[in-house]
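Chemist: Build the 3D model from these lines:
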Amino acid sequence: MASLGTTVDTAEHEERRSFEPLPSGDYLLQAVSGNVDVSKSGNGKNATFEMEVLDGEYVGRKVWHNINNVVHNNPRAQSIAGQEFSEFARAVGLVSVADTDQLLFKPFVGKLNVIPAGHTDRKTGYVTKNARNELVKYSPAGATRSAAPQRAVAPAAPAVAATATKTANLMPWQRGANAA
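Modeler: Reported below is the predicted structural model:
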């Protein structure tokens with residue numbers, strides 16, 4: 001027998017959260033951290049993001065996502081990653097991105113799929129040990145969501161009457177570089 005040196009009172013601790021993948025569907029998400037690391041091969045850089053669910057039954061749950069080859073010595077590999085990175089940037093209202101911090105805390109709708117345990121990736125041959133989520137699509141936060149696990153989004157505010165300039169109702173990053 002080994003003494004803990006303390007007494008653990010179960011009434012003082014909540015149940016641990018589930019680490020099971022979220023059901024496939026559309027979720028309101030935001031990136032809460034982002035990092036860029038050199039790839040294992042040393043041929044490029046990969047962006048890694050921690051995402052958080054913002055509403056519905058799974059509010060507060062985390063999803064991790066990598067965008068591999070954001071920088072790569074193979075132009076085709078970098079182009080493919082650039083397409084996904086651009087989709088993410090457009091979904092959060094950005095036109096250009098130089099730092100992962102620019103993508104943080106901006107809501108977007110992410111389509112998640114479930115990758116089952118034992119799945120073999122056809123490109124890499126990697127076999128998934130545990131079931132996990134895969135982020136497969138990014139859409140602006142105002143986009144329609146179809147997933148059952150999410151509650152309805154509040155309706156958007158009514159359209160504002162047209163003004164003398166078309167940019168008056170746009171966010172600063174949507175107006176262009178010369179807007180204040």
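
Chemist: Which residues does whichever helix in the chain runs longest contact?
Modeler: Counting by DSSP state H, the longest helix found in the chain is helix 75-91. Contact with helix 75-91 is made by 44, 47, 67-72, 95-97, 102-103, 108-109, 137-141, as judged by CB atoms under 8 Å, 6 or more residues apart in numbering. C-beta here means a position set from N, CA and C on the backbone, and glycine is covered the same way.

Chemist: Now, those residues that are in helices?
Modeler: Per DSSP H, the subset of those in helices is empty.

Chemist: Quick one, which of those are buried?
Modeler: Among the contacts of helix 75-91, the ones that count as buried by 16 or more other CB atoms under 10 Å are 44, 47, 67-72, 97, 103, 108-109, 138-139, 141.

Chemist: Among those residues, find me the one that's closest to H119.
Modeler: N68 (17.2 Å; CB to CB).

Chemist: Hmm, S39 and the closest one touching each other?
Modeler: Yes. Taking CB atoms under 8 Å as the definition, N68 is a contact partner of S39 at 6.8 Å.

Chemist: State the distance from the residue nearest to T120 when sequence neighbours are not counted to A117.
Modeler: Closest residue to T120 apart from its sequence neighbours, by CB to CB, 6 or more residues apart in numbering: V127 at 5.1 Å. According to CB to CB, to the nearest Å, V127 and A117 sit 9 Å apart.

Chemist: residues near M1, how many?
Modeler: By the criterion of other CB atoms under 10 Å, M1 has 2 neighbours.

Chemist: And the one 5 residues further on, by the same measure?
Modeler: Neighbour count of T6, defined by other CB under 10 Å: 6.

Chemist: F88 now?
Modeler: F88: 22 surrounding residues under other CB under 10 Å.

Chemist: can you pull the pLDDT of it?
Modeler: The model reports F88 with a pLDDT of 97.

Chemist: How about A168?
Modeler: With respect to pLDDT, A168 has a value of 47.

Chemist: For the spatially most central residue of the chain, name its beta-bridge partners.
Modeler: By CA atoms, centre = their mean, the mean C-alpha position of the chain lies nearest to M51, the distance being 4.6 Å. M51 has these beta-bridge partners by DSSP bridges: A31, V63.

Chemist: measure it to E134 for me?
Modeler: As for M51, its distance to E134 is 12 Å (criterion: CB to CB).

Chemist: got any residues that touch both of those two?
Modeler: Joint contacts of M51 and E134 (CB under 8 Å, 6+ apart) are H65.

Chemist: show me where pLDDT drops low in the protein?
Modeler: Confidence mapping of the chain against pLDDT under 70 gives the ranges 17-18, 143-180.

Chemist: Can you show me the strands along it?
Modeler: For the chain, the strands defined by DSSP state E occupy 25-38, 44-53, 62-72, 108-115, 132-140.
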